[in-house]
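Asks: Output the structure for:
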Amino acid sequence: EGELEIGQVSGMIKEIKPVADIIDEIMGEFEIAKKEVAKILL
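Replies: Alright, predicted model coming up:
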């Protein structure tokens, strides 16, 4: 049914870490971006 192109993505993986750490990083980056957008909109 489907095709997985793992070779294209595997080169981007630099380390293996827990999902909780990844989510924390994403949320931290989101908060920074949200503050930057708020500055622009004021």
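Asks: Next, residue 16: secondary structure please.
Replies: coil (DSSP: H, G, I helix; E, B strand; the rest coil).
Asks: in this structure, which ranges drop under the pLDDT threshold?
Replies: 1-2, 4 (pLDDT under 70).
Asks: Show me the helices in it, by range?
Replies: 6-10, 19-41 (DSSP state H).
Asks: Make TSV from those and add mean neighbour count to it.
Replies: Yep, even glycine has a C-beta here, placed from its N, CA and C like the rest. Shown next, in TSV, are the helices of the chain (neighbours: other Cβ atoms under 10 Å):
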stretch	mean neighbour count
helix 6-10	8
helix 19-41	9
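Asks: Report the central residue of this protein.
Replies: residue 26 (5.0 Å; Cα atoms, centre = their mean).
Asks: OK, contacts around residue 18?
Replies: Listed by Cβ atoms under 8 Å, 6 or more residues apart in numbering, residue 18 has no contact partners.
Asks: For it, give me phi and psi.
Replies: phi -60, psi 150 (degrees, to the nearest 10).
Asks: One more: residue 16?
Replies: phi -110, psi 130.
Asks: What is the burial count for it?
Replies: Residues contacting residue 16 under the criterion other Cβ atoms under 10 Å number 5.
Asks: residue contacts, it?
Replies: Contacts of residue 16 (Cβ under 8 Å, 6+ apart): none.
Asks: That one and residue 34, how far apart?
Replies: From residue 16 over to residue 34 the distance is 28 Å, taken as Cβ to Cβ, to the nearest Å.
Asks: Repeat that for residue 6.
Replies: 32 Å.
Asks: cool, residue 5 as well?
Replies: With Cβ to Cβ as the criterion, residue 5 and residue 34 are 32 Å apart.
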